[in-house]
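Asks: Return atomic coordinates for the entry below.
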Amino acid sequence: MRWLGSVLSSRFTIGIICLVIVLPMVLADIQVSAKLFTKPDIREEMDICTGIGVIMIGLGVALEERRTLREVFGILGGPYEVWEASIDHLCHNYGAGQLVIGLLAEICIEAIKIPNTILYTGEVDDYLVAASLFFVFLGAILLFRFGFTLIFLMGKNRARVL
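Replies: Just a heads-up that it's a prediction; the model follows:
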């Protein structure tokens with residue numbers, strides 16, 4: 001189990017997962033924005049934004065808790081603990097960012113789902129989806145930067161937190 005924890009919490013694994021997740025985020029932005037404002041039924045586009053938002057929220061929570069996961073797997077301490085702590089801090093910050101941005105993307109979509117008798121969004125549904133897409137795109141940019149940083153800039157000799 002300790003080996004599994006080391007692999008799952010390594011900067012390379014987290015960085016690769018982040019970079020892989022950026023791809024569907026960007027593809028969702030491209031696909032949804034191409035169909036937005038062109039048709040009256042935007043349920044599919046809303047579902048895409050919701051799915052990506054949930055992924056962002058889940059990833060954000062997992063990133064925030066990297067230190068806790070290392071504790072659960074019994075891999076705290078060691079000769080590089082200061083360096084690992086700097087990665088934990090970076091994961092926490094970017095994880096919080098993904099969580100908040102993902103929630104903002106979800107809020108835009110959920111506002112559309114509220115019945116119009118409670119919150120009328122009839123003429124602005126497309127704009128709310130566009131706002132959700134903006135948050136997804138912002139999250140993709142931050143996630144790309146984070147993944148790139150973990151893989152290429154966080155060597156043991158460069159324990160600098162960006």
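Asks: center of this protein - which residue?
Replies: Nearest to the mean C-alpha position of the chain, by Cα atoms, centre = their mean, lies Met56 at 3.3 Å.
Asks: Give me the helices and strands touching the helix or strand harbouring that one, please.
Replies: Counting by DSSP states H and E, the element that carries Met56 is helix 43-64. Counting contacts by 3 or more Cβ pairs under 8 Å, 6 or more residues apart in numbering; DSSP states H and E, helix 43-64 is packed against helix 11-35, helix 81-113, helix 125-148. In short, each C-beta sits where N, CA and C put it, glycine included.
Asks: Now do the buried residues in the longest one.
Replies: Same thing as helix 81-113. The neighbour-count check on helix 81-113 (16 or more other Cβ atoms under 10 Å) flags 83-84, 86-88, 90-95, 97-99, 101-102, 104-106, 108-110, 112 as buried.
Asks: next one: stretch 3-12
Replies: Gly5, Leu8, Ser9, Arg11.
Asks: what does stretch 70-84 give?
Replies: Arg70, Phe73, Ile75, Trp83, Glu84.
Asks: For the first one, list the residues it contacts.
Replies: Spelled out, that is Arg70. Neighbour list for Arg70: Gly5, Ser9, Leu76, Glu84, Asp88 [criterion: Cβ atoms under 8 Å, 6 or more residues apart in numbering].
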